[in-house]
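Participant: Let me see the structure of the following:
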Amino acid sequence: MALFKPNSVTEQLVLAGAPSLFVVLWSTGYISARLGLPYAEAATFLMMRFALAAAFMVALVVASRAPLPTSLREWIHCAVAGALVHGLYLYGGFASIKAGLTPTTIAVVVGMQPMITAVLIGPILGEAVNIRQWGGFFLGTVGGILVIVANFSSIGFGSGAPAVYLSLLCVVSISVGTLYQKRFCASVDLRSGTMIQLIVAALLMWGISSWFETGYVEWTGTFVFALMWLVFVLSVGAYALLWWLVRRKAATNVVSLFFLMPPVTAVFDWLLFDQGLSLITLMGIAIAVAGIAIVIRYEPQSSVASSNK
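Facilitator: Below you'll find the predicted structure:
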């Protein structure tokens, strides 16, 4: 589905501004989670988010007559991608915030995704890692640890351990899921692929909610606002924008802006929740951002080229 004429001035202008818009929208995700999580448990919250977003996408697919995957293998690939890049990724993030991590802390952890993809997962796929990337990975890891330690000082090291495990689930799921999506789902229509992924994610969250949560929701105005923002701005808008950018060969632009998400989230965290930033937190953000930037800056050209196929 072409929204603009190929290589038109309008498309070029949208393509130039879309990566920055994506960063701002993506940075509000965990801020919205913090708004809504006092009124619902993580999987229950996400189940409603994914179900509403899936309903919207079903209507869009039907109305636009979007082609569905043509083989069972494509359906399965979309389902796996949905479980990773929607379900487990966001459950790890939401549950870690529910357990005490701040949106800024989880944003730093998730912001390390390009670094983890390049340095740890890339070699598994046969991609080379240079010494500068290893140095950047070390810096990013140190920065992430500093931010987490600063967060622990307010919630306690004992109670903070489960939150760290959940945040690791979050970043590993999005790292693996992004590569999986790129490799196995590139030929699937964006609309039908997103619909399938959201349906699978909703079912996954329903299972987790049924087994491990009470399902209780306090329907306040704040919760409804957070839910609607997450459904239409994040699950539909931001994800569609991300994959539109990838297919327009702007993936490197998106990846290069990932390191802006922690400071942007920190600004939102401060403005909306008066979340103070300690010196250790600021140092950690700066070191992590530098590490992520180094990994991205010195990514081998072959790797960049392959990511744009």
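
Participant: In three-state terms, label Gly193 for me.
Facilitator: Secondary structure state of Gly193, per DSSP: H, G, I helix; E, B strand; the rest coil, is helix.

Participant: Let me know the pLDDT of the spatially closest residue to it that is not a sequence neighbour.
Facilitator: Sequence neighbours aside, Cys78 is the residue nearest to Gly193 in space, at 5.2 Å (criterion: C-beta to C-beta, 6 or more residues apart in numbering). Where C-beta positions appear, they are placed from N, C-alpha and C, glycine not excepted. pLDDT recorded at Cys78 is 96.

Participant: Okay, Cys78 and Val295: tell me how far apart.
Facilitator: Distance of Cys78 to Val295, given as C-beta to C-beta, to the nearest Å: 29 Å.

Participant: Looking at those two now, which is surrounded by more residues?
Facilitator: Under the criterion of other C-beta atoms under 10 Å, the comparison of Cys78 against Val295 puts Val295 first, with 29 against 24.

Participant: Help me confirm that the more buried one comes into contact with Phe138.
Facilitator: No: contact criterion C-beta atoms under 8 Å: Val295 and Phe138 do not qualify, at 10.1 Å.

Participant: for the protein, which residue is closest to the average position?
Facilitator: Ile174 (6.2 Å; C-alpha atoms, centre = their mean).

Participant: Which secondary structure elements does the helix or strand that contains Thr265 sit against?
Facilitator: For Thr265, the enclosing helix or strand under DSSP states H and E is helix 261-273. Counting by 3 or more C-beta pairs under 8 Å, 6 or more residues apart in numbering; DSSP states H and E, the packing neighbours recorded for helix 261-273 are helix 9-27, helix 29-36, helix 103-111, helix 279-297.

Participant: how about that helix: buried residues?
Facilitator: Using 16 or more other C-beta atoms under 10 Å as the test for burial, helix 261-273 gives 261-266, 268-269.

Participant: Can you tell me which of those residues is closest to Arg34?
Facilitator: Closest approach to Arg34 among the buried residues of helix 261-273 (C-beta to C-beta): Asp269, at 7.9 Å.

Participant: how about the residue nearest to that closest one when sequence neighbours are not counted, secondary structure?
Facilitator: Excluding its sequence neighbours, the residue lying closest to Asp269 (C-beta to C-beta, 6+ apart) is Gln275, at 4.1 Å. Classification of Gln275 using three-state DSSP returns coil.

Participant: and Gly215, how many neighbours?
Facilitator: 12.

Participant: For it, give me its contacts.
Facilitator: Residues near Gly215 by C-beta atoms under 8 Å, 6 or more residues apart in numbering: 41, 44, 209.

Participant: Let me know the secondary structure of it.
Facilitator: Assignment for Gly215 (three-state DSSP): coil.

Participant: Per-residue pLDDT of it, please?
Facilitator: 94.

Participant: The residue nearest to Gly193 contacts Cys185, correct?
Facilitator: Yes: taking contacts as C-beta under 8 Å, Cys78 lies within contact range of Cys185: 5.8 Å.
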